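Participant: I would like the atomic coordinates for the input below:
(2 chains)
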Amino acid sequence: MLQAILDHFNYWIAIFLMMIGFYTVVARGNLVKKLVGLNIFQTSVFLLYISMGKVIGGTAPILDDRFQIYSNPIPHVLILTAIVVGVATTALGLGLIVRIRESYGTIEEDELDLADGET
Amino acid sequence: MADLSVHLPALQVVVPLVAAPLCLLAGRAGLAWIIAFAASAAATATAAALAYITIHNGTISYHMGGWPPPWGIEYVVDTANAVILLLVSAIATVVLAFSPASVAKEIRPGSQHLFYCMFVLCLTGLLGIAVTGDAFNVFVFLEISSLSSYALIAMGGQRKALTAAFQYLIMGTIGATFFLIGVGLLYIMTGTLNMADMQARIAGIQDSRTVVAAFAFITVGLALKAALFPLHLWLPNAYAFAPSAVSAFIAATATKVSLYVLLRFTFTIFGAKFAFLNLPLNWVLLVPAVIAMFAGSLSAIFQRDVKRMLAYSSVAQIGYITLAISLASSAGLSAALIHIFNHGLMKAALFCAMGCIFYRIGTTRIDDMAGLGRQMPWTMTAIVIGGLSLLGVPLTAGFISKWYLVQAALQADLWWLVILIALSSMLALVYIWRLVEAMYFKAPPPGLEGAREAPLSMLLPTLFLAGANIYFGLDTRLPVAMAENAATLLLRGQM
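Facilitator: Numbering: from 1, shown residues only, chains lettered A, B, ... in the order given. Purely as a prediction, here's the structure:
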């Protein structure tokens, strides 16, 4: 059991972060906290991708006679793209939060619902 | 010319992608509109050419940058995505033709060129999702279209547009991330991202738990993006508070493209046998679809705002499409694709008509629309045609959808589904009637007696879309031929 966890240490961490992030998105009413949760959720997926490309003892894919084992670079490159997407999402989310704060005066979800119910 | 036509699949995406920063640089609304409209019209011409080639010469495979698949990114166009490309680009062009007056009224003067920039970027994303044959590429384009649509929705005039956009951002990102997890798990098992290559390699390992998990993540992620009940919570507010042109464009195209990706992954990559025999996808889709048909229509009946009503009606209509997919037969898939096409036409016409009304009276509440039948007769004609099409009355596009859907259900010996389809259409009659009653049989509320017909630049595109609803109800050759061909391609060698 312990061996099974240690062998797939990265994957356990990824799942752990995934659930923390997902829970934060669902359970928190503060919009900034929601967005941070969303970030953690996305980051856990980056970890999943990076883990699967890693070959134990492998180096970066550099053509040289001294190296025989290479890690798979494709998942790492894919995740560079996903990181950019994540940054864009966070930036847009924060931008929206600033504008919500400007027009509602709060970023708590229950207070926002209350304000919308009145109008 | 011969040289250029080889690159059509790439141009389909590259032209609007280049137009987006040009709109930003243009800095003025008028110039940005010209660029956006030209790019969108070019995309429509490209899509039409691609559709023509796929019908006559079969599937097109384009190797991005000259790298052969499975190493490079492959763009694949067959009749299934050609019909989606045609729908998305044509609707974008008509909505852009509609938009100048509407945008000038609803968007702040300083940011109108940004609106057009985001609009073409959203178009780029939707076209890219449809055209690509690479699983990770789908994710990238999905996020391009999503991020731009969050920004577009937030441009709505009321402050509720901001919270609607934020809610959509959270749920849309969760959906896209689920999809990303699914693609990652598939990559672990197959070592490839090319869809055709994935299909070949997945054949022997379908019983693996990782593949099943990948399928679950992808299905749930896409169901979130497609607003399949009960994952539709972001949709009503997003459609209701977005600027008119955005509601028309997104309601007609965005969820449809996600449904197309679901079709592509289910049938082309995983295979119908895996999804429907090894796993119970038919029930997983059928039950929420039926609930959506009723819950969506019932919620629509009780809305006071017509844009919100139409949004709930979209939830119900997505139910019809997923119902057709869940039948997993050639007839069912044809019905799904035909309804994807026809529903795009109906909702574009109806939301454009709402844009015309909002332009004149500044609200889309049903009480404020009382008596508008006499003041804005042409806009109301468009609404009535769109409404009849939504109901599925003969001689409209909606009837063709319902006809093929009912036939597919009968072919699967599910006669009780036919009854449910008929019953839920009755509910649509109720909410459309509420609208007609208010417009034609009530006196206008005080202060709104003087409303005039919308300007011609808005009215003509709206009537064009309404006319398309009638045209495709009479001449069904194009959508039906493409949908049936696509269904055969998707089910090739399966079931």
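
Participant: and the nearest residue to B:Leu323 once chain neighbours are set aside, what does it touch?
Facilitator: Setting aside the residues directly before and after it, B:Leu323 is nearest to B:Ala289 in space (CB to CB, 6 or more residues apart in numbering or on different chains), at 4.0 Å. Just so you know, the C-beta spots here come from the backbone N, C-alpha and C atoms, and that holds for glycine as well. Going by CB atoms under 8 Å, 6 or more residues apart in numbering or on different chains, B:Ala289 touches B:Leu228, B:Phe229, B:Gly319, B:Tyr320, B:Thr322, B:Leu323, B:Ser326.

Participant: leaving out sequence neighbours, find the closest residue to residue 46.
Facilitator: Because you didn't say which chain, this covers chain A. Skipping the residues right next to it in sequence, A:Phe46 comes nearest to A:Ile79 by CB to CB, 6+ apart, at 4.9 Å.

Participant: switch to chain B, that's the one I care about
Facilitator: For B:Thr46, the nearest residue in space outside its immediate sequence neighbours is B:Gln12; the separation is 4.8 Å by CB to CB, 6+ apart.

Participant: how about B:Gln411?
Facilitator: Nearest in space to B:Gln411, with sequence neighbours left out and distances taken as CB to CB, 6+ apart, is B:Ala331 at 5.0 Å.

Participant: looking at the stretch 51-200 of chain B, which residue is nearest chain A?
Facilitator: When CB to the nearest CB is the measure, the stretch 51-200 of chain B has its nearest residue to chain A at B:Arg159, with 4.1 Å between them.

Participant: quick one, phi/psi of that residue?
Facilitator: In this entry, B:Arg159 is assigned phi and psi values of phi -70, psi -20 (degrees, to the nearest 10).

Participant: contact partners for it?
Facilitator: Taking CB under 8 Å, 6+ apart as the contact definition, B:Arg159 lies against A:Ile100, A:Ser103, A:Tyr104.

Participant: which ones, among those residues, also lie beside chain B?
Facilitator: The overlap between these and the neighbours of chain B (CB under 8 Å from any CB of the partner chain) comes to A:Ile100, A:Ser103, A:Tyr104.

Participant: just the buried members of the residues you listed?
Facilitator: Neighbour-count burial (16 or more other CB atoms under 10 Å in any protein chain shown) applied to the ones next to chain B among the contacts of B:Arg159 gives A:Ile100, A:Tyr104.

Participant: in chain A, where is pLDDT below threshold?
Facilitator: Regions of chain A meeting the criterion pLDDT under 70 cover residues A:118-119.

Participant: I meant to write the stretch 51-200 of chain B there.
Facilitator: Per-residue confidence for the stretch 51-200 of chain B (pLDDT under 70) gives no ranges below the cut-off.

Participant: relative to A:Leu6, how far out is A:Ile13?
Facilitator: The span separating A:Ile13 from A:Leu6 equals 12 Å under the rule CB to CB, to the nearest Å.

Participant: of those two, give the one with the bigger neighbour count.
Facilitator: Neighbour tally, A:Ile13 and A:Leu6, criterion other CB atoms under 10 Å in any protein chain shown: the higher count belongs to A:Ile13, 14 against 9.

Participant: by neighbours, which of the contacts of B:Ala289 wins?
Facilitator: B:Leu323 (29 neighbours).

Participant: any idea what sits nearest A:Ile83, other than its immediate chain neighbours?
Facilitator: Nearest residue to A:Ile83, sequence neighbours excluded (CB to CB, 6+ apart): A:Phe46, at 6.4 Å.

Participant: ugh, wrong one, A:Ser71
Facilitator: With sequence-adjacent residues excluded and distances taken as CB to CB, 6+ apart, A:Ser71 is closest to A:Gly58, at 4.1 Å.

Participant: how many residues are close by that neighbour?
Facilitator: The number of residues packed around A:Gly58, counting by other CB under 10 Å, is 14.

Participant: likewise for B:Ala42?
Facilitator: Applying the criterion other CB under 10 Å, we find 17 residues in the vicinity of B:Ala42.

Participant: quick one: the helices in the stretch 101-250 of chain B?
Facilitator: Counting by DSSP state H, counting those that start in this stretch, the segments of the stretch 101-250 of chain B that form helices are B:112-131, B:135-154, B:160-190, B:195-202, B:209-226, B:235-241, B:244-263.

Participant: farthest pair within the contacts of B:Ala289?
Facilitator: Farthest-apart pair in the contacts of B:Ala289 is B:Phe229 and B:Ser326; separation 12.9 Å (CB to CB).

Participant: residues contacting the closest residue to chain B within chain A?
Facilitator: Closest contact between chain A and chain B, by CB to the nearest CB, is at A:Ser103 (4.1 Å). When contacts are counted by CB under 8 Å, 6+ apart, A:Ser103 touches B:Arg159, B:Leu162.

Participant: so it sits in a strand?
Facilitator: No. Assigned with DSSP: H, G, I helix; E, B strand; the rest coil, A:Ser103 falls outside any strand and is helix.

Participant: how far away is it from B:Thr364?
Facilitator: When distance is defined by CB to CB, A:Ser103 is 21 Å away from B:Thr364.

Participant: do the same with A:His76
Facilitator: Taken as CB to CB, the span from A:His76 to B:Thr364 is 49 Å.

Participant: I appreciate the help and will end here.
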